[in-house]
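Colleague: A structural model of the following input is requested.
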Amino acid sequence: MEKPPELIFKAGYSESDDFEYEMKGYRNDVFVKMENGDLYEVFFYDPVRLTQDMGSGIYISQPGLIILNSVNRKSMEHAVLELWERGFFHYFKPRLSIIDKHFDENI
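Modeller: I've put the predicted structure just below:
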């Protein structure tokens, strides 16, 4: 059985991050790491921030955009797990792979 994906935070993660990113309404430094090492870049938004940002333009385009009610680790992990179970990531090209000789540990 395939192991579920895990979240990798480019800027690291601490418990206090949840409060900060819930207030900001977005998090754009997250990768989803698959069991085979493939990494998918994702971008989390909450509806309030999305509405605010839409007020300053005519569209928002971000591959891997996932809208959550609240941008915190628990919500991000839950959404990624459900999307993975539904095959969501099969439609995207991985950004990097840990087996790629050019993989940068710091992403």
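Colleague: wait, residue 63 sits on residue 40?
Modeller: No: Residue 63 lies out of contact with residue 40 (C-beta atoms under 8 Å); the separation is 9.1 Å. (Glycine included, C-beta is placed from N, CA and C.)
Colleague: identify the contacts common to the two.
Modeller: Shared contacts of residue 63 and residue 40, defined by C-beta atoms under 8 Å, 6 or more residues apart in numbering, comprise residue 92.
Colleague: got a list of what residue 71 touches?
Modeller: 21, 22, 24, 25, 26, 27, 44, 45, 46.
Colleague: which of the helices and strands in the chain ranks last by mean pLDDT?
Modeller: Here the helix or strand of the chain ranked lowest by mean pLDDT, DSSP states H and E is strand 96-97, holding a mean of 64.
Colleague: sorry, back to before: residue 63 and residue 40: which is more packed in?
Modeller: More crowded of residue 63 and residue 40, by other C-beta atoms under 10 Å: residue 40, with 23 against 11.
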